[in-house]
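Student: next come a sequence and a model predicted from it.
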Amino acid sequence: MAELPHTGTEGAVGEFFILGLTNNGKQFRPSDWAERLCGVMSCFRPEGSGGRHAHLQFSPYVHPTVLNGVKAVVVNNKLRKAEPLAYHFLIDFAKDNDLQVVDACFVELPGVPKI
């Protein structure tokens, strides 16, 4: 099965980003690719978290975002255990479209006291 196309390790926060940039730095099209991909993944969610309008919400495992002006998809590594085929679909999507994949991590802000 597919592995993350970089280090293969999970980030400190257990998430990674699929960026809307190819490995050559070109912007991925169509412009709404992240919302479309997250829409396809919206049915994959923890049991009992659905509710009446679950079909109108993104999955807590996969949601769109913007990083430095670039559309991206945030993928929670918990999806791998909950729905392995869905997880591998996302990894294969990134590989097939030559998209950049990076681990998410916490970055401490300057001046914020440590807890």
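Tutor: Received it, and whenever you're ready, just let me know what you need. Numbering: from 1, shown residues only.
Student: for the longest helix along the chain, list every residue counted as buried.
Tutor: Counting residues, the longest helix found in the chain (DSSP state H) is helix 84-96. Within helix 84-96, the residues scored as buried using 16 or more other CB atoms under 10 Å are 86-87, 89-91, 93-94. Using the backbone N, CA and C atoms, a C-beta is placed for each residue, glycine as well.
Student: ok, then the element right after it?
Tutor: strand 99-103 (DSSP states H and E).
Student: any idea of the angle that next one forms with helix 84-96?
Tutor: 120 degrees (axes from the mean of the first three to the mean of the last three CA atoms, to 10 degrees).
Student: pairing partners for strand 99-103, with directions?
Tutor: Partner strands and pairing direction for strand 99-103 (DSSP bridges) are strand 15-22 (antiparallel).
Student: how far off centre is the next helix or strand after the partner strand?
Tutor: For strand 15-22, the following helix or strand on the C-terminal side (DSSP H and E) is helix 33-40. Chain-centre distance of helix 33-40: 10 Å, with CA atoms, centre = their mean, to the nearest Å.
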